[in-house]
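*Asks:* Turn this into a model:
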Amino acid sequence: MEHRALRVIISGGGTGGHIFPAVSIANKLKEWNPDTEILFVGAEGKMEMEKVPAAGYKIIGLPIVGLQRQLNLKNIINDIQVPFKIISSYCKAKRIIKEFKPEIAIGVGGYASAPLLFAATSMKIPALIQEQNGFAGLTNKMLGSKVSKICVAYEGMERFFPADKIIMTGNPIRKEIVPPTEEMKAEGIKLYGLDPTKKHILIVGGSLGSGTLNKAMKHWIGEGCPNGENVEIIWQCGKYYKAGVDEFMKAADQDKVKYIHHTDIIYRMDLAHAVADDVISRNGECSVYEHCPAHKASIFVHSPNVAEDHQTHNAMAIVNKNAAIMIPDASAEEGLLPSAMTLLNDSEKIKTYEKNIAALAMTNAADLIAEEAYKLVK
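*Replies:* From the prediction side, this is the model:
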């Protein structure tokens, strides 16, 4: 099917869980027609202002900020400014739309989606949103009545959105996340300098890193790495935590930690998945969906700092299919690594999880969302 060139605005961000799907949608639209023009709109100072240009797209920032729930002076000052920044962002969004003249607006959640999509719909621009989570975020819930189509990744989203607007698409993921092959595993072993005779665990803390997962690793190392004699670990600790983890690892028993490879970011996640016998991860929107096509037995640890506890809803959609384990954040520091070691030594359970999680993979989400965008353009 031929696809004509479009002018598209994509808005949202804040975390990798919003940014990676947005870039995947943009890449698909450009793949279908290289002449399609795409402009991203994000929130000033947020991750998208760095990640989107790195992916090859132009982005404009809005001064939008979100309400902070923890009570302190800095957050009080922030929250006083919120209404004024919302108004300012809405006005700027309208100017951006007038100048760029998009044929469709796509929102992926996050602060910047609200003013941009409200502005677009008020100006009669066709719009769709993509909700990555099993529990809809506040921004997308507000936009649900305004947009023409809502692309979702989980069943039961009629709780949050008009049923006639919902289409099940899954979450767009990075195209390099694919079922692992022996060739990929061999390449990963070489890239990460691993011992092929050992079993391997991948720990992924998300785009910002995870304090809980890092504490769990430190606790396990402090206990002498019990039951870890034949285990090698790739530990993505996150940029924010890297310096502290570096210091901790320098002071640790080097004989115990010589098979633990820590890094702030993993650039070849496909190869890291390929070498892993099981994966420990936060259960953010992208993390959960990337484990499915990677066919990995997974242990999810939900974050208590996420609004409306949507990470629990994400993981339970997998856990309820007997395709993964979920551990509460509060018990992760002491219980996470022991649980991972137990799973690692249960080959039958790993096979069951791998089979069941593979059956949940939806690898054509970007295609489905891009097709819906074309349907909305007159």
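*Asks:* okay, CA-based contacts and neighbour counts for the rest of this
*Replies:* Fine.
*Asks:* And the strands in the stretch 251-378 of the chain?
*Replies:* 260-263, 278-282, 298-301, 325-327 (DSSP state E, counting those that start in this stretch).
*Asks:* out of the ones you listed, which comes closest to I87?
*Replies:* Comparing the strands of the stretch 251-378 of the chain against I87 with CA to CA, the closest turns out to be strand 278-282 (34.1 Å).
*Asks:* rewinding a little: so which of the strands of the stretch 251-378 of the chain is the most packed in?
*Replies:* Ranked by mean neighbour count, the strands of the stretch 251-378 of the chain are led by strand 298-301 with a mean of 28 (mean count of other CA atoms under 10 Å).
*Asks:* Any chance you could list what contacts it?
*Replies:* 278-283, 291, 315, 323-329, 332, 340, 353 (CA atoms under 8 Å, 6 or more residues apart in numbering).
*Asks:* Recalculate using a threshold of 7 Å.
*Replies:* Residues from elsewhere that reach strand 298-301 (CA atoms under 7 Å, 6 or more residues apart in numbering): 278-283, 315, 324-329.
*Asks:* Same check on stretch 47-56?
*Replies:* 13-15, 19, 42, 59.
*Asks:* Show me which positions of it end up buried.
*Replies:* Within stretch 47-56, the residues scored as buried using 16 or more other CA atoms under 10 Å are 47-49, 51-52.
*Asks:* Pick the one among those residues closest to K92.
*Replies:* M49 (16.4 Å).
*Asks:* Look at K46 and report its pLDDT.
*Replies:* At K46 the predicted local distance difference test score is 85.
*Asks:* actually C91, not the one I typed
*Replies:* 95.
*Asks:* residue ranges with poor pLDDT in the chain?
*Replies:* Along the chain, the model assigns pLDDT under 70 to residues 1, 16-17, 66-70, 75, 77-79, 82, 207, 283-289, 303-314.
*Asks:* Give the other helices and strands that the top helix by length along it contacts.
*Replies:* Longest helix in the chain, counting residues (DSSP state H): helix 73-100. Here helix 73-100 touches helix 113-122, going by 3 or more CA pairs under 7 Å, 6 or more residues apart in numbering; DSSP states H and E.
*Asks:* which residues touch the helix it packs on?
*Replies:* When contacts are defined by CA under 7 Å, 6+ apart, helix 113-122 is touched by residues 11-12, 86, 89-90, 93-94, 105, 107, 127, 139, 146-147.
*Asks:* Of those - the most surrounded one?
*Replies:* In terms of neighbours by other CA atoms under 10 Å, the contacts of helix 113-122 top out with S11 at 31 neighbours.
*Asks:* What segments of the stretch 1-150 of the chain are strands?
*Replies:* Going by DSSP E, counting those that start in this stretch, the stretch 1-150 of the chain shows strands at 7-11, 37-43, 58-62, 104-107, 127-131, 149-152.
*Asks:* Which of the buried residues of stretch 47-56 sits closest to K74?
*Replies:* Using CA to CA, those come closest to K74 at M47, 20.6 Å.
*Asks:* Contacts only, for A216.
*Replies:* Neighbours of A216 in contact, by CA under 7 Å, 6+ apart: 332-334, 336-337.
*Asks:* ok so, going back, starting at the chain centroid, how far to the longest helix of the chain?
*Replies:* 25 Å (CA atoms, centre = their mean, to the nearest Å).
*Asks:* rewinding a little: quick check, nearest of the contacts of A216 to M123?
*Replies:* M123 lies nearest to A332 out of those, by CA to CA, at 48.0 Å.
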